[in-house]
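S.K.: generate coordinates for the sequence data below:
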Amino acid sequence: MAAELRAPGAGAFADLPPRYAHSPPAANSDLLRRPSYCRAAFALKQISKGKAVGQKAPLWLRAHFQSLLFSLGCQIQRHCGKVLFVGLLVFGALAVGLRVASIETDIEQLWVEAGSRVSQELKYTKEKLGEETVFTSQMLIQTSKQEGDNILTQDALLLHLEAALTASKVQVSLYGKSWDLNKICYKSGVPIIENGMIERMIEKLFPCVILTPLDCFWEGAKLQGGSAYLPGRPDIQWTNLDPVQLMGELGQFTSLEGFREMLNKAQVGQAYMDRPCLDPSDPECPSTAPNKVTKQSANIPFEVSGGCHGFSKKFMHWQEELILGGTVKNSQDTLQSAEALQTMYLLMSPKQLYEHFRDDYEIHDINWNEEKATAILETWQRKFVEVAHTAVPQNSSQSIYAFSTTTLNDIMKSFSDVSVIRVAGGYLLMLAYACVTMLRWDCTKSQGAVGLAGVLLVALSVASGLGLCSLLGISFNAATTQVLPFLALGIGVDDMFLLAHAFTETGQSIPFKERTGECLRRTGTSVALTSINNMIAFFTAALIPIPALRAFSLQAAIVVVFNFAMVLLIFPAILSLDLRRREDKRLDILCCFYSPCSTRVIQLQPQEYADANDNHTFHPSPYGGTTITTSTQITTTVQAFTQCDPSGQHIVTILPPTSQISTASPSIIVPPVVDPLGSQVFTPSSSTRDLLAQVDEVKGGRECVPLPFFKWNLSDFARDKYAPLLLKMQTKVTVMVLFVALLGLSLYGTTMVHDGLYLTDIVPRDTKEYDFISAQFKYFSFYNMFIITRGGFDYPRAQQDLRRLHAGFGAVKYVVREESRELPKMWLHYFQDWLRGLQAAFDTDWATGRITRDSYRNGTEDGALAYKLLLQTGNKKEPLDYNQQSLGEKKKHRHRALVPRVKCENCNANTINNEQLCLLTQQLNIFLTRPRFRSTKFTTTTTKKAVPAAEPLEFSQFPFYLNGLRQTSDFIEAIESVRAVCDEFWKKGVLSYPNGYPFLFWEQYIGLRHWFLLSISVVLACTFLVCALLLLNPWTAGIIVFILAMMTVELFGIMGLIGIKLSAIPVVILIASVGIGVEFTVHIALGFLTAIGSRSLRSAMTLEHMFAPVVDGAISTLLGVLMLAGSEFDFIMR
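M.R.: The predicted structure follows:
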């Protein structure tokens, strides 16, 4: 037999790997029924000799692959201790890399598409404005605990006042200083006044920007914490401040004409003093309040209808949709009721706070820097949320929800950390399952310790894979820490179960030193196929350009690589060590003790045993088809004798047999088809298998006798029950009908899948932030949006296009309009209004003679500034123009709204200085590198007359508000409408783009389905190529891919039926499901492909050998996934 195996066969594929010449294949049932599974070289040899038929190419490839695996397994078994030590050392060293792991919690960094236009736009914005230049918002939402109750009542608003006032008085002590809201809040721009004392007083009084429904009433002044002192009068606060009266008093000390004019333009008037009081009985309610004398309660719905105004009625308008939620109006569009109130406090960014106090004498002793500014803001925000939630009594009928970006980041970071309890519980559960399912009564077949070691090895491989990811700089996120440990555990133990089951199938006929090599030879192809496909699936999922999911996919792929290495290298070393225990008949787990085995005497008479494979005495196969058969003649002479073992504690009966086994060459027969119910394949008394097992057991000298109920296992169930039932014609028809019905239902479900991911899905449940976002999404579908114009075009000559760009957003139905149904004005409107005001002042002063060609000192401040602007040429050498045109002629050009380029650039510097309240309130964010220019009518020298030209504009923005965005389709429609307007004017040379939360988080859905289909197509194509190349069987690869595609369609349809929205997270799960599905389909397909006989017989053998590892793998994967149900994140639990 050995010489025959070494002989070369015919054809190019007949050259055999030299490793197969070491030992001839033994005559066992597996080799006869599944020759290419056990030894492809043997099957190839039989084909070359003409004793069998089949395809040589797949067998040749598999034979060489099995040769490598066999050699690897033998080397591992020979040096199992060394391999285990080195493997644990390397994996453990990589696991140490987890010490440098970084967890990303910034939502913008997690969910904005990498390389997308949104990320490029954000990059440009940060380049021009810096990382932290935009204010941050602190928000309060109040709702009634009884859903549907009207909140526009005096009691509800007074309760809102109490909560808002308590929150606004928060103070924190840090670095030896006290920090309150008035120091860190965002202010709309303190005007520059020549008198330093007055300027400091106004700076202390200047109000914070607080958007609140309380601003419709006098009580809104209570939220402003600024105060100032003037001799002879009480402290000046906004609750008693009348700006008109104050200007009159301060005018006695200095000229405040410019400041008074600014207040008039902003329509500040009497500020809060002429607004109604919520509680007219309040002693502090001013007498100027409309309802102070009558003591009547304010008509709250009437007052808040259309929104409220801050201290500037012109520039600070808080839209109704921003401060009221769940509003109800009658047929005349009159506000009747509302269900929610919202107040927003705007704080400076860390950079703004640092710049604001950089030169302040109060902080000169604390080494002031931006990091300390950040710490102050974060500490204040945390205390703000804490205080706000305790501001309302528990028994109140109202609920208060507070929110800050700092506390959200804290929560995200906390829940993004690995849950030690959940991970430990999941792995302990898996340890228990692996131990129980692999434990046997027979100590020679029990593998409980192997199961425990396998799960621990998977845990180590997961840790080492994630450690390598940390060393490579791949940041972790909630998806990684909450999902990957369990998903990797479920996938990793699948192959471990397959190897363990295959190891028990290698009988005593295999030489001891080749047992591990034989195990890898049989299972290595399946393990390689499944692992490679899993790696491809996860690497392909990294095509999705969402940073959080790309990181998750790359980490999962790397972990699969480590699992693959663990299964092929370290786990076989564990099996080799356990093999020695089994040979010594030691107990499983408690390996220091011998098994208390009983002994039985077997009387074997010399006879010929013939089974279904016997070609002399023929028993037809119930499944039909071609069967390789053999005739086995076993002659056994048995002599029994009894002696004590070396310890003297046990009596041992020894049966050393003298056997002669002869096996005829296999041949091919074609038996007739008979009824499967009478099959001997599924009869436990299969003579050849039982007899060979008896002979092997006798050699051992001792045998464990199991209890009757311990004889049952999954393989027996598959052979005796499941396969006969499944292979009946009526069962096949039923399965196909059910499959087609499920597929049809799933196809219907695919039409019900909608795109979307609520913000509540990425915030942990049972947190205050989750409650706030839920309330905000329910009542305030209100989002801030900026249209940003960048550099690269001529702003002065493109003013008409800029105005048209602004007007173009009137076609977007989600844009909030003013009470007049017009769009909110942009900075250019106010800029041109300011120019017209200068023109009007100059015309008046010129007509009355207060400004002449040579003098402007008798004119007004605005007239004098207009005079200077009219003189500018923009030429640094000759900045002024007295002679080219008379001022009387030149001023005629100013009757147009547009101004020439040079004059516009000169005006920008003055606009920032003189119209800060207007422009900063509108969030213009123009930052000039040149020094500020102060213009007064008393500067008469040529140097003072020259107005420095502004730098070319590279960035400006004007805000809009979007409302009514509920569903993802609404967001996509709004995004596409806004983008269409920007793209239209981009072609005209006006470079603009939108910015805001809708574009950060919802623009990904525009191309999400494209990325999903692309990724799924690539995964399936790669799966087909891998299976086709390794199996050299495109037909089998096509069937596998077809089943995987149907599984994906069914899973996608079930998502629609149970209401799970499609977002980047389910997309990754769908892609990963292809890799997980390969774990089950490839094992079954390969088992069927390597069996011989009729289709039914091959199916039966496949189920007998693959049912147990596949079921164990499925249950282990399910156990790993079930642990995710305890996650605090909805997107993980779903």
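S.K.: who's in contact with residue 550?
M.R.: Contact analysis of residue 550 by CB atoms under 8 Å, 6 or more residues apart in numbering lists 114, 542, 544. Quick note: C-beta positions are derived from backbone N, CA and C, even for glycine.
S.K.: buried residues in the strand or helix carrying it?
M.R.: Here residue 550 sits within helix 547-565, counting by DSSP states H and E. Neighbour counts over helix 547-565 (16 or more other CB atoms under 10 Å) mark 547-565 as buried.
S.K.: distance from that helix to the middle of the chain?
M.R.: 14 Å (CA atoms, centre = their mean, to the nearest Å).
S.K.: beyond it, next helix or strand please.
M.R.: Past helix 547-565, the next helix or strand by DSSP H and E is helix 571-583.
S.K.: so how far is that following helix from its chain's centroid?
M.R.: 41 Å.
S.K.: that helix vs helix 547-565, what angle?
M.R.: 40 degrees (axes from the mean of the first three to the mean of the last three CA atoms, to 10 degrees).
S.K.: hang on, residue 747 packs against residue 1054?
M.R.: No. Counting by CB atoms under 8 Å, residue 747 stays clear of residue 1054, with 11.2 Å between them.
S.K.: before we move on, the earlier item: and the contacts of residue 550, which is closest to residue 782?
M.R.: residue 114 (28.5 Å; CB to CB).
S.K.: mind listing what the closest one touches?
M.R.: Going by CB under 8 Å, 6+ apart, the list of residues near residue 114 reads 545, 546, 547, 550.
S.K.: let's go with 10 Å and repeat that
M.R.: 544, 545, 546, 547, 550 (CB atoms under 10 Å, 6 or more residues apart in numbering).
S.K.: could you do residue 73 as well?
M.R.: Counting by CB under 10 Å, 6+ apart, residue 73 has contacts 514-524, 568, 572, 575-576.
S.K.: average model confidence for the helix holding residue 550?
M.R.: Average pLDDT, helix 547-565: 89.
S.K.: pull the helix or strand with minimum mean pLDDT from the protein.
M.R.: helix 2-6 (a mean of 30; mean pLDDT, DSSP states H and E).
S.K.: reformat the contacts of residue 550 as a markdown table; add pLDDT, distance to residue 454 and secondary structure.
M.R.: Below are the contacts of residue 550 laid out as a markdown table (pLDDT from 0 to 100; distance: CB to CB, whole Å; DSSP: H, G, I helix; E, B strand; the rest coil):
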| residue | pLDDT | distance to residue 454 | secondary structure |
| --- | --- | --- | --- |
| 114 | 73 | 37 | coil |
| 542 | 82 | 28 | coil |
| 544 | 78 | 32 | coil |
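S.K.: in JSON lines, list those residues along with distance to residue 968.
M.R.: Putting the contacts of residue 550 into JSON lines (distance: CB to CB, whole Å) gives the following:
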{"residue": "114", "distance to residue 968": "21"}
{"residue": "542", "distance to residue 968": "24"}
{"residue": "544", "distance to residue 968": "17"}
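S.K.: ok, so of those residues, who is nearest residue 339?
M.R.: residue 544 (38.3 Å).
S.K.: ok, and the closest non-adjacent residue to that closest one?
M.R.: Of all residues not flanking residue 544 in the chain, residue 1011 sits nearest, at 5.1 Å (CB to CB, 6 or more residues apart in numbering).
S.K.: give the contact list for the one you found.
M.R.: 113, 541, 543, 544, 545, 546, 1004, 1064, 1067, 1071.
S.K.: any idea how far residue 1063 is from it?
M.R.: Counting by CB to CB, to the nearest Å, the gap from residue 1011 to residue 1063 is 12 Å.
S.K.: okay, and the common contacts of those two?
M.R.: Going by CB under 10 Å, 6+ apart, residues that sit against residue 1011 and also against residue 1063 are 546, 1004.
S.K.: what residue lies at the spatial centre of the chain?
M.R.: Centroid-nearest residue in the chain, with CA atoms, centre = their mean: residue 548, separated by 4.3 Å.
S.K.: residues contacting it?
M.R.: Going by CB under 10 Å, 6+ apart, the list of residues near residue 548 reads 104, 107, 109-112, 475-480, 762, 1064-1065, 1068.
S.K.: the nearest residue to it once chain neighbours are set aside: neighbouring residues, count only.
M.R.: Using CB to CB, 6+ apart and skipping the chain neighbours, the partner closest in space to residue 548 is residue 110 (4.0 Å). By the criterion of other CB atoms under 10 Å, residue 110 has 21 neighbours.
S.K.: thought residue 110 was touching residue 757?
M.R.: No. With contact defined as CB atoms under 10 Å, residue 110 does not reach residue 757; the gap is 11.8 Å.
S.K.: any shared contact partners between the two?
M.R.: Common neighbours of residue 110 and residue 757 (CB under 10 Å, 6+ apart) are residue 1001.
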